[in-house]
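Visitor: What would the 3D arrangement of this be:
(one chain, ligands or ions: 1)
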Amino acid sequence: MAVLDILTLPDERLRQVSEPVQVFDGELQRFIDDLEETRRAGPAAVGIAAPQVGRFQRIVILDVSKKKNIPNHGHLVLVNPEITHWEGFEIGREGCLSVPDYTGNVVRATRLRLQSRDREGATLDLEMEGFEARAAQHELDHLDGLLFVDRVVSRRTDLFRRKVYQ
Ligand code: NI
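Guide: Modelled structure (predicted):
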């Protein structure tokens, strides 16, 4: 396994729209293992998306289970995920491995339904809420070339420079 390089702003490749995965082969499994190792190497990242390491396929890893007392599905590998239902909205603070110097306040749906494949190609049908739903929306945005800085409520008052990534 290997820790992969993470693309950071202003790298234009982060703006690329990723393609669906067609083949669930051994090469894909090795890539997913590398992506997971890269997520773990990062500072407290709850998620990572394939385009962040320059692979423009619709693959996301999500794991918010380390946060205390929030509903979650544990460690998820989502391949070709689609959000099929949204409900409610709330503002919350987000950060991103590709935007190391800032956090920002972003409006996201509070509940959602998500259909996806897992790493073997099996179907997943998940309902998410709260922080896990927020993290899923953030990671899926990467697959369409969107970053949280594109969605901050106000660039003037809702972007915050961070001293240390944590
Ligand atoms: Ni991100």
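
Visitor: Neighbouring strands - and their directions - for the lowest-mean-pLDDT helix or strand in the chain?
Guide: Taking mean pLDDT, DSSP states H and E as the measure, the chain has strand 159-161 as its least confident helix or strand, at a mean of 90. Strand pairing for strand 159-161, using DSSP bridges, gives strand 102-108 (antiparallel).

Visitor: Just checking, which helix or strand succeeds the strand it pairs with along the chain?
Guide: Following strand 102-108 in sequence order, the next helix or strand is strand 111-117 (DSSP states H and E).

Visitor: Can you give the contact residues for the helix or strand that that following strand is followed by?
Guide: Downstream of strand 111-117, the first helix or strand assigned by DSSP H and E is strand 123-129. Residues outside strand 123-129 that contact it (C-beta atoms under 8 Å, 6 or more residues apart in numbering) are 71, 73, 76, 78, 110-118, 136. All C-beta spots, glycine's among them, are computed from the backbone N, C-alpha and C.

Visitor: First-to-last residue distance for stretch 63-73?
Guide: Terminal residues of stretch 63-73 are spaced 8 Å apart (C-alpha to C-alpha, to the nearest Å).

Visitor: which helices and strands does the longest strand anywhere in the chain pack with?
Guide: Looking across the chain with DSSP state E, the single longest strand is strand 76-87. With contacts defined as 3 or more C-beta pairs under 8 Å, 6 or more residues apart in numbering; DSSP states H and E, the packing partners of strand 76-87 are strand 59-62, strand 111-117, strand 123-129, helix 130-143.

Visitor: So which of those is nearest Glu19?
Guide: Nearest to Glu19, of all the helices and strands packed on strand 76-87, is helix 130-143, at 9.3 Å by C-beta to C-beta.

Visitor: any idea of the mean pLDDT in the closest one?
Guide: The average of the pLDDT scores along helix 130-143 is 98.

Visitor: Contacts for it, please.
Guide: In contact with helix 130-143 (C-beta under 8 Å, 6+ apart) are residues 14, 17-18, 46-52, 58, 60-62, 64, 67, 70-73, 78, 81, 83, 92, 94, 96, 98, 106, 108-112, 114, 128, 147-148, 150-151.

Visitor: If anything else comes up later, I'll come back, but that's it for now.
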